[in-house]
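> here is a sequence together with a model predicted from it:
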Amino acid sequence: MQGANDSNNFADQGWYDLLVLAYNRLGRNSRKLSNELGIPFTTLLLWLKKKREPKDTNAIRSKLLAYFEKPYISGPNPSVMARIWQAMRCMRQFSDKELIAVAHSSKNYCQQVIKTLHACKYLRLVSAERRIFILARDTGPKPPTINKTRTAIFDNNINQEITA
């Protein structure tokens, strides 16, 4: 995982390695990559699949390096629970209203998640009057799964069930 957090020295890599990295970064979508680089789609497919070398590898390499200089922002998480968990991990201290706004979830569902995680000792109440919580137990990036009766959670990071 350390390699993902490094400064990623792309200048040391060849044009084909850069092309494959860009392809993977865009979710293995050749059309998006061809639009991003301004290269015809079929030409890009020939380079990726048959490893045909372009006429001017330096021009392609410079386009790819320019692509990697742009900030990379992944899309929003489609799972509401994952968005709530990610927001809790990023904010560390939050109110239920802030969490609802940041995670784009319904008020009822967000409050049920907070109540269950608080009962399982994952959240600690800091201010009762303003309902501010702190994430007391951050076990990792995978969101916990709440059971149907909302009496326990299954922590996907430590593969353990935690009851209230």
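Thanks, I have the structure now.

> how about residue 148, secondary structure?
Assigned by DSSP: H, G, I helix; E, B strand; the rest coil, the conformation of residue 148 is coil.

> quick check: the residue of the chain most remote from its centre vs residue 43, distance?
Most distant residue from the mean C-alpha position of the chain: residue 55, 36.4 Å away (C-alpha atoms, centre = their mean). The gap separating residue 55 from residue 43 is 10 Å, by C-beta to C-beta, to the nearest Å. (Each C-beta comes from the backbone N, C-alpha and C, glycine too.)

> tell me the spacing between the residue farthest from the centre of the chain and residue 116.
As defined by C-beta to C-beta, residue 55 lies at a distance of 60 Å from residue 116.

> can you pull the domain assignment for the protein?
11-69, 80-163 (automatic domain parsing).

> okay if I get these as CSV plus mean pLDDT?
As requested, these are exported to CSV (pLDDT from 0 to 100):
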stretch, mean pLDDT
domain 11-69, 83
domain 80-163, 90
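
> with just CA atoms, put stretch 122-139 into CSV.
Extracted in CSV, the C-alpha atoms of stretch 122-139 (Å, rounded to 0.1, in the frame of the first residue of the first chain):
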residue,chain,number,x,y,z
TYR,A,122,-17.7,2.7,18.0
LEU,A,123,-18.9,6.3,18.7
ARG,A,124,-18.6,8.4,21.8
LEU,A,125,-21.0,11.2,22.6
VAL,A,126,-19.1,14.4,23.4
SER,A,127,-21.9,16.9,23.7
ALA,A,128,-25.4,15.8,24.5
GLU,A,129,-27.1,19.1,23.9
ARG,A,130,-25.6,19.5,20.4
ARG,A,131,-25.4,15.7,19.7
ILE,A,132,-21.7,15.8,18.7
PHE,A,133,-20.0,12.4,18.4
ILE,A,134,-16.4,11.3,18.1
LEU,A,135,-15.3,8.1,16.2
ALA,A,136,-13.8,6.2,19.1
ARG,A,137,-13.0,3.0,17.3
ASP,A,138,-11.7,3.3,13.7
THR,A,139,-10.8,-0.2,12.6
